[in-house]
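Chemist: Sequence first, then the predicted structure, then my questions.
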Amino acid sequence: MRSEGMFHRDVEASRRPFLQLVGATGAAALAGCFGTDSSPSNEEITGDEPMTDRTFTAPTSVLPEDMQWNSANDSNYPDRPGYVVFDRLVYFQATTGEFVAGALADWEVTEDAATLTVQDDLTWHNGTDATADDLVRKLHISLYDSHPIGNFTAVENVTAVDETTVEVGLETTVSEPVFLNSIKSMLLDTPAAQYDDILSELEDDPESTALSDFAAAEPIGTGPFQYERTGEQELVTTKFEDSHWADRVNFAEYRFRFIDGNEQAWQAIRGGSVDALHNIFTSPDIMGSFPNSVLEIQQPANWGLSIAFDHDHKHFGRRAVRKAIAHAVDREIVAENSAGGGDAKAPVGTPTGIVGNFDDSADDWLDNPGGFEEYAGRNTDRAAELLESAGFSMEDGTWVDEDGETLTFECKVPAAWNEWVDALITFNQHLQDFGIETNLITRDDSVYFGQDLYGDTGFDAAGFWWSDGWTYPYHSLNWNLNSADAQTVYNYPTSVDVPPKGDPDGDPETVELAPELEALVGMDADSDAARRKIQELAWIFNYDLPQLPVQEKIDQCFVSVENFKVAENPDPATSVQYPTTYLPRVGKLVAKAED
Amino acid sequence: MSERTESLRAIDDGDAFEAVADKTMSRRERYRRLFDRWVLAPGRIIRGDVRARIGASILLLYALVGLFGPRLYTEPEVNQGPRSITPLSEGLTHPLGTDNLGRDILAQIIHATPSMLQMIVAGGLFVTVLGVTVGTTAGFSGGRTDRVLSLLTDIVMTIPGLPLIVILAALLEPQDPVVTGLVLTINVWAGLAREIRSQVLSISRHSYVEASQAMGLSTPTIIVKDILPNIMPYVLITFVNAARQVIFASIGLYFLGVLPYDSVVNWGVMIDQAVSGGAMHVMSLAHWLIAPLAAITLLSFGLILFSQGTDRMFNPRVRARHSSTTDTADEPADETTTTTGGGIR
């Protein structure tokens, strides 16, 4: 026994110096990680920065060796590099609500046609001019690929008028914002060299899978950087001197380093192995660990978390229950917790189904915002009143219905979406405090989307999104009230009984939702009629609550200004997705002069 | 007349196997002996071995926390304190600090303990009972029983463990801790059964086992009386390993998001949330990650120490030297102690 004890002491004695060594090394390493720094600050962009050999490095989540460049083929398409190599037709400045030029120099939407004008100095990376024919090819391919513009037009209505002009004949009247919103994510990425044959196949057989099967090994785009090479971990693109944007780009290379996962991305920008992160939710605690040279640029994402209720559910099919929940949950605290105490989630103010809660611009669409129910949250008296009026009663601290059945439900959320999990934990807590028994169920992503939302398993309540990322109210109202998702995911009816706008005690009238939204889509966005229609639909949303919108996301982009200068908020150009891919085009992300 | 002559006469009379002890124990003595064998002697072993003492203290602490902690310490709730405060920064209000939702971390550790213990015990017992039953039955019975059970064991062993668990977890979505414990150890029993079978094969050829067989004792009796005590140290170690496997597997799968979780907190979920919340990179959040890691490590450490220390509780060769308060006439006594006769003699 003694010898055993001696042995342990000896081991302990020899271990101690080792631990001391490890401790000292660890402390040194930590000092590197967490210590203060004297990082360079951002500098003003003058517009006459000289050309440099600098390389801008950003992450990509697709392994460079596996990348293929056909955006219609979901497999291994590198989304962010695609925004650099290809041009979007138009870019959207979310903070001003304006569309600005991309591959299109100009556009005009009239009652029966949209006229689109391609930039006259646009050149493909293989040296050929990009013309109206290229845009026609893109639109034709998109129409064969079931793009939403198929709601307004057809292949035979899209024709080139001259070298740079394309006319899109409209089959239904559509307002300019609706049309532009529908093409804003479209890239000019179908050069003749790669896609002429595919289009021919589609023309011969619209059911052909030639498009989705095609995997372009190298991209031919019109963007400011062209494909150079791929390594095991890195994609290299170099400045395209004939680009329409070339005059404002002053660095030689744009590289994409393979980085998988948020933790690795944070570590990369902290360690300086990348110059930027395109879009990543980062709590204030983590931001605090970044060097001072890393700037945050925010953009409204125009979508966010909502709670979708199964409208076929015995309890959630009842409006009073949905309203009671909306009254009981404090969206401000939910959003704050979801953002880790930061400002990357804006709580939804008055739930109307209109985006713009980050700057309260949602209310600008309403003549009398006070006439809508605010559902301020933690209003348990009003929530209790609503449940009691619907036949519920409180027994032993829990709400039960008229049949004695407990008001209880499972709230599903995808496990890997941490911000949503945090939001739903808070949501559940508020409901439990109010006496509604809730149970948070985290689900694997594929199960969540494949079985719960879009499959047969279903849900009682689940985290969903209340806008599809488009800003004009038609889109978000249609998404919530009339979309295929509304009818299949949360079983929303095609008509609802609601009292007249502004008169919650008035006699309910049955409103067929589809005709209302069809009427709105054709109205001039600036007209009084459109404004009235938007308010009527917002009233329906507010009164009936197809979903409970909780928060609106604010995208966070990070750029290190150690070697680069970048425009900061509130420059409207920073609100274009993504600042890392758009700002270099307009000379608002430029390299500092080399030493 | 000599003793030997009497015995021979008994055999001649055909009543050799009807012989009974000339001195029967009273009920009180029997209970006292049982108490001595199962309580006092193990207690003495634990007291006498520093590893067992520390291990038992740790396990006792967890058991107490699991039993009484949730009743004594406040439930974790969002925004019950400021977000992400470090330990003791607000005195003893939140001794281990809070997480990104303002939930008290000590409260999460405590309230997660009962379900973790249930999971561990369920998994450990499942592996041990199934592994020992199949292993000893196969090893002792031989013949067709052995072949069938060995085939079954081999089949289960060839199924890759982790993918099987991941698939089962995805299919069953276990939320009850007991079911989770069983799922996580679904194929661990096979390895134990295989090893125990081989040990039993060797033990069953010992003369005392053959003697028991010759005496006509039933197979279960022979297994329980003659074989199990020999393999108990190994079984205990396996139980501990299975328990640790449940801990690590559950933590890992909760961390990966494979196992569903509900509102009840869990150490694995805590680690997952801490890592995704940046606790790996931000010093001020380190407590959020260290607290559940420490809880897991300490429990695992306690289990290992306890199993090492209690080796002597079951090991017949070591056990024979332990002290006893009961005086048994049929066992040799040394100057100060008598043996309790817990093992094979």
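Modeler: Sure, I can see it.

Chemist: check contacts around the residue in the stretch 101-250 of chain B positioned nearest to chain A.
Modeler: When distances are taken as C-beta to the nearest C-beta, the stretch 101-250 of chain B reaches nearest to chain A at residue B:101, 5.1 Å away. Quick note: C-beta positions are derived from backbone N, CA and C, even for glycine. Taking C-beta atoms under 8 Å, 6 or more residues apart in numbering or on different chains as the criterion, residue B:101 is in contact with A:337, A:422, A:425-426, B:78-79, B:83.

Chemist: if we go to 6 Å?
Modeler: A:337, A:422, B:78 (C-beta atoms under 6 Å, 6 or more residues apart in numbering or on different chains).

Chemist: got the residues of chain A near chain B?
Modeler: A:34, A:266, A:285-286, A:289, A:337, A:340-341, A:415-416, A:418, A:422, A:425-426, A:428-429, A:439-442 (C-beta under 6 Å from any C-beta of the partner chain).

Chemist: Just the buried ones from those residues?
Modeler: A:266, A:285-286, A:289, A:337, A:340-341, A:415-416, A:418, A:422, A:425-426, A:428-429, A:439-442 (16 or more other C-beta atoms under 10 Å in any protein chain shown).

Chemist: Need the phi and psi values for residue A:422.
Modeler: phi -60, psi -40 (degrees, to the nearest 10).

Chemist: swap in residue A:163?
Modeler: Torsion angles, degrees, to the nearest 10, at residue A:163: phi -60, psi -30.

Chemist: which helix of chain B spans the most residues?
Modeler: helix B:105-141 (DSSP state H).

Chemist: Check which helices and strands that one sits against.
Modeler: helix B:50-72, helix B:143-158, helix B:177-184, helix B:188-203, helix B:228-256, helix B:286-309 (3 or more C-beta pairs under 6 Å, 6 or more residues apart in numbering or on different chains; DSSP states H and E).

Chemist: Report the contact partners of the spatially most central residue of chain A.
Modeler: Using C-alpha atoms, centre = their mean, the residue of chain A that lies closest to the mean C-alpha position is residue A:301, 4.9 Å off. Shown in contact with residue A:301 (C-beta under 6 Å, 6+ apart): A:553, A:555.

Chemist: so which of the helices and strands packed on helix B:105-141 is the most packed in?
Modeler: helix B:177-184 (a mean of 23; mean count of other C-beta atoms under 10 Å in any protein chain shown).

Chemist: Touching it from outside, list them.
Modeler: Counting by C-beta under 6 Å, 6+ apart, B:115, B:118-119, B:122-123, B:126, B:165, B:168-169, B:174, B:246, B:249-250 sit against helix B:177-184.

Chemist: export the residues you listed to TSV and tack on pLDDT?
Modeler: Converted to TSV, the contacts of helix B:177-184 look like this (pLDDT from 0 to 100):
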residue	pLDDT
B:115	88
B:118	90
B:119	89
B:122	91
B:123	90
B:126	91
B:165	83
B:168	83
B:169	80
B:174	78
B:246	84
B:249	84
B:250	83
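
Chemist: Residue A:524: which of those is nearest?
Modeler: residue B:169 (54.9 Å; C-beta to C-beta).

Chemist: wait, isn't the closest one in contact with residue B:258?
Modeler: Yes: Residue B:169 is within contact range of residue B:258, at 5.1 Å (criterion: C-beta atoms under 6 Å).

Chemist: what about these two, which has more around it?
Modeler: For residue B:169 versus residue B:258, neighbours defined as other C-beta atoms under 10 Å in any protein chain shown are more numerous around residue B:169 (23 against 19).

Chemist: Now that one: which helix or strand?
Modeler: Assigned by DSSP states H and E, residue B:169 falls within helix B:161-172.

Chemist: mind checking how far that helix is from the chain centre?
Modeler: On the basis of C-alpha atoms, centre = their mean, to the nearest Å, helix B:161-172 sits 24 Å off its chain's mean C-alpha point.

Chemist: Same check on stretch A:387-395?
Modeler: Counting by C-alpha atoms, centre = their mean, stretch A:387-395 is centred 39 Å from the centre of its parent chain.

Chemist: rewinding a little: to which secondary structure element type does the closest residue to the residue of the stretch 101-250 of chain B closest to chain A other than its chain neighbours belong?
Modeler: What sits nearest to residue B:101 in space, not counting adjacent residues and going by C-beta to C-beta, 6 or more residues apart in numbering or on different chains, is residue B:78, at 4.5 Å. Secondary structure state of residue B:78, per DSSP: H, G, I helix; E, B strand; the rest coil, is coil.

Chemist: And the pLDDT at residue B:78?
Modeler: At residue B:78, the pLDDT value in this model is 90.

Chemist: got a list of what residue A:48 touches?
Modeler: Per C-beta under 6 Å, 6+ apart, neighbours of residue A:48: none.

Chemist: before we move on, back to that, next, give phi and psi for the residue of the stretch 101-250 of chain B closest to chain A.
Modeler: Dihedral pair for residue B:101: phi -100, psi 10, per degrees, to the nearest 10.

Chemist: one step back: the residue nearest to residue B:101 against residue A:430, yeah?
Modeler: No: taking contacts as C-beta under 6 Å, residue B:78 lies outside contact range of residue A:430: 8.5 Å.

Chemist: What residues does the residue of the stretch 101-250 of chain A found nearest chain B make contact with?
Modeler: Nearest residue of the stretch 101-250 of chain A to chain B: residue A:233, at 21.0 Å (C-beta to the nearest C-beta). If you count contacts by C-beta under 6 Å, 6+ apart, residue A:233 has them with residue A:258.

Chemist: redo that, cut-off 8 Å
Modeler: Going by C-beta under 8 Å, 6+ apart, the list of residues near residue A:233 reads A:63-64, A:257-258.

Chemist: Measure how buried residue A:456 is and give me the count.
Modeler: For residue A:456, the neighbour count with other C-beta under 10 Å is 7.

Chemist: and it, helix, strand or coil?
Modeler: The three-state assignment at residue A:456 reads coil, by three-state DSSP.

Chemist: Could I get the contacts of helix B:177-184 in a markdown table, plus columns for distance to residue B:225?
Modeler: Shown next, in a markdown table, are the contacts of helix B:177-184 (distance: C-beta to C-beta, whole Å):
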| residue | distance to residue B:225 |
| --- | --- |
| B:115 | 37 |
| B:118 | 32 |
| B:119 | 33 |
| B:122 | 28 |
| B:123 | 28 |
| B:126 | 24 |
| B:165 | 36 |
| B:168 | 37 |
| B:169 | 40 |
| B:174 | 37 |
| B:246 | 30 |
| B:249 | 35 |
| B:250 | 36 |
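
Chemist: Quickly name whichever of the contacts of residue A:233 is closest to chain B.
Modeler: residue A:257 (18.2 Å).

Chemist: what number of residues lie near residue A:206?
Modeler: Residue A:206, neighbours per other C-beta under 10 Å, totals 11.

Chemist: Which helix or which strand is home to it?
Modeler: Under the criterion DSSP H and E, no helix or strand holds residue A:206.

Chemist: Mind listing what's buried along stretch A:125-133?
Modeler: So stretch A:125-133, judged by 16+ other C-beta under 10 Å, has buried residues A:125, A:129-132.

Chemist: related to what we said a few turns ago, may I see the contacts of residue A:233 arranged in a markdown table, with pLDDT as well?
Modeler: Formatted as a markdown table, the contacts of residue A:233 follow (pLDDT from 0 to 100):
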| residue | pLDDT |
| --- | --- |
| A:63 | 94 |
| A:64 | 94 |
| A:257 | 97 |
| A:258 | 96 |
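
Chemist: Selection in ChimeraX covering whichever of those are buried, please.
Modeler: A single ChimeraX command is used to select the members of those judged buried by 16+ other C-beta under 10 Å:
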select /A:64,257,258
